[in-house]
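1. pasting the structure only:
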């Protein structure tokens with residue numbers, strides 16, 4: 001498992017609210033465990049765990065304190081790409097969101113119509 005970041009490459013003029021992301025996560029993944037400011041001492045506005053198949057895989061989601069980036073950890077490339085495409089299309093269409101692999105600093109822009117497979121290919 002690795003860490004990925006879903007974020008713009010430059011300072012954005014938008015903010016994703018924790019409440020908006022929580023509602024969207026619960027709608028898309030009803031079994032997700034979502035907490036708003038739930039971890040004491042954390043600067044994250046939201047933290048969630050999304051169960052994936054096959055169990056016991058899960059995707060960790062954390063919305064930054066600025067509301068302008070999402071950290072995915074634990075995550076594999078498949079889950080990260082699918083989340084990034086969903087996140088950009090659902091909450092921030094056309095806003096220049098990237099899926100970034102911090103370890104290698106590789107990134108792929110999530111543009112309208114891009115598939116999770118295309119995002120994965122861009123990071124491999």
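-> Received it, and whenever you're ready, just let me know what you need. The model shown is predicted, which means the values in this text are computed figures rather than measured ones. Numbers count the residues shown, from 1 in each chain.
2. What lies in contact with the top helix by length along the chain?
-> In the chain, with assignment by DSSP state H, the single longest helix is helix 77-91. Contacting residues not belonging to helix 77-91 are listed as 2, 4, 6, 16, 20-21, 24, 28, 50, 52, 57, 59, 61, 70, 72, 75, 95, 97, 99, 101, 110, 112, 114-117, 119-120, 123-124 [CB atoms under 8 Å, 6 or more residues apart in numbering]. C-beta: built from backbone N, CA, C; applies to glycine.
3. Which helix or strand lies directly C-terminal to it?
-> For helix 77-91, the following helix or strand on the C-terminal side (DSSP states H and E) is strand 97-101.
4. my guess is residue 29 meets residue 53, correct?
-> No. Contact between residue 29 and residue 53 fails when scored by CB atoms under 8 Å: they sit 11.6 Å apart.
5. between these two, who's got more neighbours?
-> The neighbour comparison of residue 29 against residue 53 (other CB atoms under 10 Å) goes to residue 29, with 19 against 5.
6. And the more buried one, how far from residue 61?
-> From residue 29 across to residue 61, the span is 9 Å (CB to CB, to the nearest Å).
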